[in-house]
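Participant: Let me see the structure of the following:
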Amino acid sequence: MDMEKVNSMDFGEFVDVFGNVIERCPLIAAAVWSQRPFSGLEDLEKHFSAFIDALPQSGQEGILRCHPDLAGRELQRGTLTAESQREQSSAGLTSLGAEERLQLAELNARYRARFGFPFVLAARLCDRDAVLRELARRLQRPPAQELRTALGEVKKIGRLRLADLLGGDPARL
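Facilitator: Sure thing, here's the model as predicted:
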C-alpha cells in the first residue's frame, strides 16, 4: 500500500486498517488519522509514537494493559489478535512444552504483580529462550525504567506492524 492510498483513506477505513498497529488501541489510529497527510512510513510511525509519548503515565500504562501475556490465556483460548498470534507463533510461543508454559506463566504473573501491566516484547524478533531470558532480566528493573522499556517495545511492535501493512523495511524507520 502506498502513502497516497493511506492519505486518501476516510476515517473509518484508516481505523480499520491501522486500528491494531498499537495492540487493541484503535483510538490511537483515530487520533493519528487527523494528522494527515503523511510524507511516508517514517512520518506515520512518528505520529503513533508521539501520541503515546504525549499521554500521562496512566494512559501509557493503559496501552500496556491492552497487550496479552506472552503464551498466556488468550493464546490458549485462541482469542489473540491476528497480529499477536503471528508474532507469538514466530517466537515459538505457540509450541511450548508444559514445563516452559508453566515457567512463562509464573514469570508473567510475577511481572504483572510487580509492574501492574503485562510483559511486552516484540516477540517476533526473539525466540522462546530469548523471551524467557528477557522477562527474567526485566523483572529486576526499577518500575520507571521498565515502563520506558515496555513503551519502547510497544513502539517497536507498532513500527513492525506498520512496515507489514505498508511493505516497508522496519530497520529503516
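
Participant: Helices of this protein, residue ranges please.
Facilitator: Ranges of helices within the chain are 3-8, 11-18, 26-33, 41-54, 57-65, 73-77, 82-90, 98-115, 128-138, 143-166, based on DSSP state H.

Participant: Could I get the buried residue list for the fourth one?
Facilitator: It refers to helix 41-54. By neighbour count on 16 or more other C-beta atoms under 10 Å, the buried set for helix 41-54 is Leu41, Leu44, Glu45, Lys46, His47, Phe48, Ser49, Phe51, Ile52. For glycine as for every other residue, the C-beta is placed from the backbone atoms N, C-alpha and C.

Participant: can you check the longest one too?
Facilitator: If you call a residue buried by 16+ other C-beta under 10 Å, then helix 143-166 has these buried ones: 146-147, 150-151, 153-163, 165-166.

Participant: quick one: average pLDDT of it?
Facilitator: Here helix 143-166 scores 98 as its mean pLDDT.

Participant: Same question for stretch 55-62.
Facilitator: 98.

Participant: Run the chain-centre distance for it.
Facilitator: Relative to its parent chain, stretch 55-62 has a centroid offset of 15 Å by C-alpha atoms, centre = their mean, to the nearest Å.

Participant: next one: stretch 72-80
Facilitator: 16 Å.

Participant: Give me the distance between the two termini of that stretch.
Facilitator: One end of stretch 72-80 sits 10 Å from the other (C-alpha to C-alpha, to the nearest Å).

Participant: Outside of that stretch itself, which residues are in contact with it?
Facilitator: Contacts to stretch 72-80, defined as C-beta atoms under 8 Å, 6 or more residues apart in numbering, come from residues Pro68, Ser84, Gln85, Gln88, Leu93, Thr94, Ala105, Asn108, Pro118.
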